[in-house]
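A.B. asks: Have a look at this prediction, sequence included:
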Amino acid sequence: METTAWGVILADMAGHVANALSAEGIGPRAALYDATIGSFDVEATMPTAQRTGDKPAGLG
């Protein structure tokens with residue numbers, strides 16, 4: 001299912017972000033991963049910008 005694939009992609013990306021931040025010495029990977037997922041959850045439930053679902057201009 002497409003939504004499952006997107007979930008995998010987003011979780012994988014969060015792991016890469018945590019790895020990169022940890023490599024920069026910002027903190028332990030597990031804590032950074034949890035913080036990234038937590039931030040995602042907050043944004044998903046209380047968006048800081050309106051989502052219209054419209055395609056960006058110029059895309060056909």
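C.D. replies: That came in fine, so what should we check first? Numbers count the residues shown, from 1 in each chain.
A.B. asks: what's the burial count for Ala31?
C.D. replies: 13 (other C-beta atoms under 10 Å). From N, CA and C alone the C-beta is placed, and that goes for glycine too.
A.B. asks: chain center to the strand or helix carrying Gly38: distance?
C.D. replies: Using DSSP states H and E, Gly38 sits within helix 29-45. Averaging C-alpha positions (C-alpha atoms, centre = their mean, to the nearest Å) puts helix 29-45 8 Å from its chain's average.
A.B. asks: Check stretch 6-19 too.
C.D. replies: Stretch 6-19 has its C-alpha centroid displaced from the chain centroid by 7 Å (C-alpha atoms, centre = their mean).
A.B. asks: Contacts for that stretch, please.
C.D. replies: By C-beta atoms under 8 Å, 6 or more residues apart in numbering, the residues outside stretch 6-19 that reach it are Arg29, Ala30, Leu32, Tyr33, Thr36, Ile37, Phe40.
A.B. asks: Please apply the same query to stretch 53-60.
C.D. replies: Applying C-beta under 8 Å, 6+ apart, stretch 53-60 turns out to have no external contacts.
A.B. asks: For it, output the C-alpha coordinates as PDB.
C.D. replies: What follows is stretch 53-60, C-alpha atoms only, in PDB (Å, rounded to 0.1, in the frame of the first residue of the first chain):
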ATOM      1  CA  GLY A  53      -3.000  19.400  -1.400                       C
ATOM      2  CA  ASP A  54      -2.600  21.500  -4.500                       C
ATOM      3  CA  LYS A  55       0.300  20.900  -6.900                       C
ATOM      4  CA  PRO A  56       3.000  23.600  -6.800                       C
ATOM      5  CA  ALA A  57       2.800  26.000  -9.800                       C
ATOM      6  CA  GLY A  58       4.500  24.700 -12.900                       C
ATOM      7  CA  LEU A  59       4.000  21.000 -12.200                       C
ATOM      8  CA  GLY A  60       1.700  19.300 -14.700                       C
END
